[in-house]
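> Provide a 3D model corresponding to the input given below.
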Amino acid sequence: MSEKPKGLLITTEKVYKGFFNEKIIAQIQSLVDLKIITRKCFGDEFNYREILKAYSPRIIITGWESPYLTCELHKMCGELKLIIHTAGSVKGIVEKGVLQKGVLVSNWGSTSAITIAEASLMRAIASLRRVPFWHNEMHFRGNWKGPDAYWESLFYKKVGIHGFGKISKALVKLLAPFSCEISAYSPHAPEESFIEYNIKRSRTLKDLYSENQIIVNLAAATEENYHIVDENILKSMPDHSHLILTGRGMTMDTEALIRELRSGRIYAALDVFEQEPLSPKSPLRGLDNCLLIPHMAGPTPDRYVDMGNVALQNIKNFLGKQALINEVTADKYSYMT
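A predicted model of the protein is given here:
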């Protein structure tokens, strides 16, 4: 029987407890000689170099706040072939040059698609029902609804989706019971995808934003998408329309959005921001037509275990010489935040 490859699971106590249960750990240990290192945090005093040099892992499993693997540190673990990151962006976990040296890297990728789609749906309904306004009226102003109170339903609305990746496709399925008329803008998505999901293709971004009552921005963080939703696009949105941002904050011209929201013409539900955490002094705070949520559209704590299961499956795939789930290539790395 061949010797098990060495594996290093190095992450915070919070990630370890949330992402890995006893069953998952037992299965990983049946496949690799696993060393587990957990801490409340990994500060400058933590000697990652000595750990890597002493153990020389073939597989490293990481999570939020795991120590950063530089190309220099990579020299300490010449056997390293796979890094499994249980969260999203790997930019804070591993230097790009390590990928370029042939080390395979994966993250949670599309595993979080269903919960982000769910969060997008919730934010859309909350915005239509004017949750921020009524919340403030009830909590801080002692008011009740008056004869001119207004709120809306999602049923039969025209919904535009900015971007058409896996999250957007999951959202289309969740919108099915609401009988919405759905369109999407994604210049790189194949025509077959629009046909398969029975939605209209918007030929321009302005068409998407100007022709729908609800916009869900799920655009990727690419160089070409920086501030792609600018003042011109925002001004094209119909009066009383709703902008849901659960993709990437860098796609939005925040100053232009603030001006449009201050006019009272549109509504927004924002989960992500250009600068995070959002400044306590941000003009976005306190607006009755803007729902603010602190970047929580991703996996909910009760579903973190899904990421642990993906980590386990990727170990199986790697050892079986199968393709990884949610592999992060050097090109994908460049577009991460």
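
> quick one, phi/psi of the residue nearest the centre of the chain?
Closest to where the C-alpha atoms of the chain average out (C-alpha atoms, centre = their mean) is G298, at 5.2 Å. Dihedral angles of G298 (phi, psi; degrees, to the nearest 10) stand at phi -70, psi -160.

> So for it, what's the pLDDT?
pLDDT recorded at G298 is 90.

> isn't it right up against I114?
No: the pair G298 and I114 does not pass the contact test of C-beta atoms under 8 Å, sitting 10.8 Å apart. (C-beta placed from N, C-alpha, C; glycine too.)

> sorry, back to before: how near is the residue nearest to the centre of the chain to W64?
11 Å (C-beta to C-beta, to the nearest Å).

> before we move on, what about F155?
Taking C-beta to C-beta, one finds F155 at 38 Å from W64.

> The two: which is more packed in?
Applying other C-beta atoms under 10 Å to F155 and W64 shows that W64 carries more neighbours, namely 16 against 10.

> and that one, what does it touch?
11-12, 14-15, 87 (C-beta atoms under 8 Å, 6 or more residues apart in numbering).

> from those residues, which would you call buried?
Buried members of the contacts of W64, counted by 16 or more other C-beta atoms under 10 Å: 11-12, 14-15, 87.

> Could you provide those residues in CSV, with additional columns for pLDDT, distance to G146 and secondary structure?
As requested, those are exported to CSV (pLDDT from 0 to 100; distance: C-beta to C-beta, whole Å; DSSP: H, G, I helix; E, B strand; the rest coil):
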residue, pLDDT, distance to G146, secondary structure
T11, 97, 52, strand
T12, 97, 49, strand
K14, 94, 45, helix
V15, 95, 48, helix
A87, 94, 46, coil
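
> Next, format those residues as a markdown table and append distance to K200.
Below are the buried ones among the contacts of W64 laid out as a markdown table (distance: C-beta to C-beta, whole Å):
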| residue | distance to K200 |
| --- | --- |
| T11 | 43 |
| T12 | 44 |
| K14 | 43 |
| V15 | 41 |
| A87 | 34 |
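
> which residues of the chain fall in strands?
6-12, 33-39, 59-62, 82-85, 104-106, 158-162, 181-185, 200-201, 214-217, 242-245, 267-270, 290-292 (DSSP state E).

> So which other helices or strands are in contact with the fourth one?
If I follow you right, that is strand 82-85. strand 59-62, strand 104-106, helix 305-319 (3 or more C-beta pairs under 8 Å, 6 or more residues apart in numbering; DSSP states H and E).

> Would you map out the domains in this structure?
The chain breaks down into these domains under automatic domain parsing: 6-108+301-335, 112-292.

> Low-confidence regions, the stretch 1-150 of the chain specifically.
Applying pLDDT under 70 to the stretch 1-150 of the chain picks out residues 1-2.

> quick one, helices of it?
13-19, 22-31, 48-55, 71-74, 96-100, 113-128, 131-140 (DSSP state H, counting those that start in this stretch).

> quick one on the thing from earlier: tell me the most buried of the helices and strands packed on strand 82-85?
Most buried of the helices and strands packed on strand 82-85 by mean neighbour count (mean count of other C-beta atoms under 10 Å) is strand 59-62; its value is a mean of 27.

> Sheet partners, orientation included, of it?
Using DSSP bridges, strand 59-62 pairs in its sheet with strand 6-12 (parallel), strand 82-85 (parallel).
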